[in-house]
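Student: the sequence and its predicted three-dimensional model are supplied below.
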Amino acid sequence: MSLKVIHTADWHLGQTFFGYDREEEHDAFLSWLTDTLTEQQTDVLLIAGDVFDVANPSASAQRRFFHFLKEANRRNPHLQIVVVAGNHDSAARLESPIPLLEELNTSIVGLIRRTETGEIDFDSLLIPLYNKEREREAWCLAVPYLRQGDYPASEEGHDTYIAGINRMYRQLYDYADARRKPGEALLAMGHLHATGAELSDDDRSERIIMGGLESVSSDTFDEGLAYTALGHIHKAQRIGGRENLRYSGSPLPMSFSEKNYRHQVVAVTLENGCLSEITPVPVPLLTDLHRIPQQPAPSEEVIAQLAELPLAGTEGYEDPNRWPYVEVRVLMTEPDPGFRHRVEEVLADKAVRLTSIVPSYPKREDDDTVRPLTYGDLQRIDPLDMLKHAFTNKYGGELPEDIESLFKEVMREVSL
C-alpha cells in the first residue's frame, strides 16, 4: 500500500510585485501543478497556508483558486486536497465554501473549533487520507495558523504562545496516535515560523517577530510523524536536520534576493505507513528577475546597459505580461535627482518592467572617534559644515559647488 503526496504553500494569490499584478504567473503555476498532480498520479495535495495574499482577496483571486480546485478534481477524480489557513488568509472566509468543496474532495481547516465543554475539537483537525483504492492510509493533523488562545489552555494558568503551540501539536498527536490503526501513517501540517528557518532577504511577506518570540522548535513535532508539511517561510528547506520536516517554500519569487533560487513543491511517497521517498519538484519560472547591472555601477554605465535591452514587440517579447522584472542598481557619488527620469525614459520602449532603483554609495574608511554632541556643540555648528559632513559620509566626496551655492541662497532667504 502506498500514498503519493504533494506539499505546497504560500501561493499568495492576488499579490502584486512592485505594483505589477501576477495573474499570469499564478495561472502558469496552477496549470503546471494540475499537470504535475496528474503525471505523478498524486493521491493527496497538502496546501500549508497563505492561499491568498490578503484576508479580503479580490474576486479574480478567489475565482483562480476555485477554478484550480475544480480542474484538479476533474483531471484527478481520486485526488484529495487538504488546505489550512495561513496568517495572510481569513480563516472564516477560507472555510465558507466548505459545503460545496466537499463535493470536490477538498477539506479546509481555518478555525479552531471547541466542544460544548470548551475543549479543542480535535476531530475537526484530523483528516483521514485515502489511496486510489479508497483505503485509508494515513491521518493528517491539519493545524492552521494559530493565534493567541487557539491552543489548549495551560493547567498552570500562565502561558506563552510557544508553549501553547507545543501543547496543541503534542495533544493532537496523542489523540491521532490512539485513533489510527496499525500501518496507518500520521502527517502534520502547520503555518508557523520554525526555529532556525532561513529567511529570504528583503521579503516583507514573511511575518517574523523580533527576538524569536514566535519561533517554534522542531521538537514540537513528534518523531512519530511520517512527514510534516509547513508553510509561512518562502524558501524551501528542511528544519532541525530532519528530512521529513520541511517548508515547501513559495511557488513564485517574492524578492530579488531569490533571483538564482529555484522554487519547488515537494513530492512525498509513503509505503506501508512509513516515509519512503521525498523529492523536490522544481516549479518553472514564467517571468525572469534581472538586476542591471549585476554590481552597482556609475549612472552613465547603467544607462548605457539599459539602452541595450530588447525593444518591446520584438520576437519573443510580444506579451508585456511576460517581460522580465528589472531592478536597477546604481553607484552614487553625488545626488542625481534626474536619474530616475533618465532610467524611465530609456526604458520607455524596452521589453522590461521596472520595479525599483537601488542606490549604493562608496564605502568610506573613518577611524575618527565618535562622541555624543552636547546642546552647546550643536549651537556652534555651521549648517553648511553639517551639510558637507553629511554629504561626505553618504557619497564619499566633497560637496559640489552648485549645491553649496544653492544651500547658501536658501540660508539667506530663511534669515530674512
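Tutor: Alright, I've got the coordinates.

Student: find the nearest non-adjacent residue to Ser60, please.
Tutor: Distances taken as C-beta to C-beta, 6 or more residues apart in numbering place Glu23 nearest to Ser60, at 6.8 Å, with adjacent residues excluded. Where C-beta positions appear, they are placed from N, C-alpha and C, glycine not excepted.

Student: report pLDDT for that neighbour.
Tutor: Listed pLDDT for Glu23 reads 96.

Student: wait, it sits on Arg64?
Tutor: Yes: with contact defined as C-beta atoms under 8 Å, Glu23 and Arg64 form a contacting pair (7.4 Å).

Student: for those two, indicate the residue with more neighbours.
Tutor: Arg64 (20 against 17; other C-beta atoms under 10 Å).

Student: can you get me the start-to-end distance on stretch 106-123?
Tutor: The first residue of stretch 106-123 is 16 Å away from its last residue (C-alpha to C-alpha, to the nearest Å).

Student: next: stretch 342-357.
Tutor: 12 Å.

Student: for it, what is the distance to the chain centroid?
Tutor: Put simply, stretch 342-357 sits 26 Å off its chain's centre (C-alpha atoms, centre = their mean, to the nearest Å).

Student: just grab the bridge partners of Arg136 for me.
Tutor: Beta-bridge partners for Arg136, by DSSP bridges, are Tyr130.

Student: what's the neighbour count on it?
Tutor: 15.

Student: please enumerate the strands of the stretch 1-150 of the chain.
Tutor: Secondary structure of the stretch 1-150 of the chain, counting by DSSP state E, counting those that start in this stretch: strands at 2-8, 16-17, 20-21, 44-48, 80-84, 106-109, 126-130, 136-142.

Student: I'd like those strands as CSV, with distance to Asp319 appended.
Tutor: Supplementary listing: the strands of the stretch 1-150 of the chain in CSV, determined by distance: least, C-beta to C-beta, whole Å:
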stretch, distance to Asp319
strand 2-8, 26
strand 16-17, 16
strand 20-21, 13
strand 44-48, 28
strand 80-84, 31
strand 106-109, 32
strand 126-130, 40
strand 136-142, 39
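
Student: of all the ones you listed, which one comes closest to His232?
Tutor: Set against His232 and scored by C-beta to C-beta, these come closest in strand 44-48, at 7.9 Å.

Student: next, count neighbours for the residue nearest to Asn244 when sequence neighbours are not counted.
Tutor: In space, Asn244 comes closest to Tyr227 once its chain neighbours are excluded; the distance is 4.8 Å by C-beta to C-beta, 6+ apart. Neighbour count for Tyr227, taken as other C-beta under 10 Å: 26.

Student: can you name the residues that contact Tyr227?
Tutor: Tyr227 makes contact with 5, 7, 185, 187-188, 244-246, 268, 270, 275, 278, according to C-beta atoms under 8 Å, 6 or more residues apart in numbering.

Student: ok, those vs Asn321, which is closest?
Tutor: His7 (28.4 Å).

Student: surely the closest one is in contact with Thr42?
Tutor: No: His7 lies out of contact with Thr42 (C-beta under 8 Å); the separation is 10.5 Å.

Student: where in this structure is pLDDT low?
Tutor: 157-158, 200-214, 364-380, 396, 415-416 (pLDDT under 70).

Student: residues making contact with the helix ranked longest in it?
Tutor: Scanning the chain for the longest helix, with DSSP state H as the assignment, gives helix 161-179. Residues from elsewhere that reach helix 161-179 (C-beta under 8 Å, 6+ apart): 120, 122, 125-126, 139, 141, 143, 146, 148, 150-152, 154, 186, 188, 190, 192, 213-217, 220-222, 224-225.

Student: drop anything exposed from these.
Tutor: Among the contacts of helix 161-179, those classed as buried by 16 or more other C-beta atoms under 10 Å are 120, 122, 125-126, 139, 141, 143, 146, 150-152, 186, 188, 190, 192, 214, 216, 220-222, 225.

Student: that older thread, who has more neighbours, His7 and Thr42?
Tutor: His7 (27 against 23).

Student: how about the strands of the stretch 151-300 of the chain, start to end?
Tutor: So, for the stretch 151-300 of the chain - with DSSP E, counting those that start in this stretch - the strands run 185-191, 193-194, 215-216, 227-231, 237-239, 242-247, 264-271, 274-282, 289-297.

Student: contacting residues around the helix or strand Thr355 falls within?
Tutor: Assessed by DSSP states H and E, Thr355 sits inside strand 353-360. Contacting residues not belonging to strand 353-360 are listed as 17-18, 20, 256, 296, 320, 323-332, 339-340, 343-344, 347 [C-beta under 8 Å, 6+ apart].

Student: alright, I will stop here.
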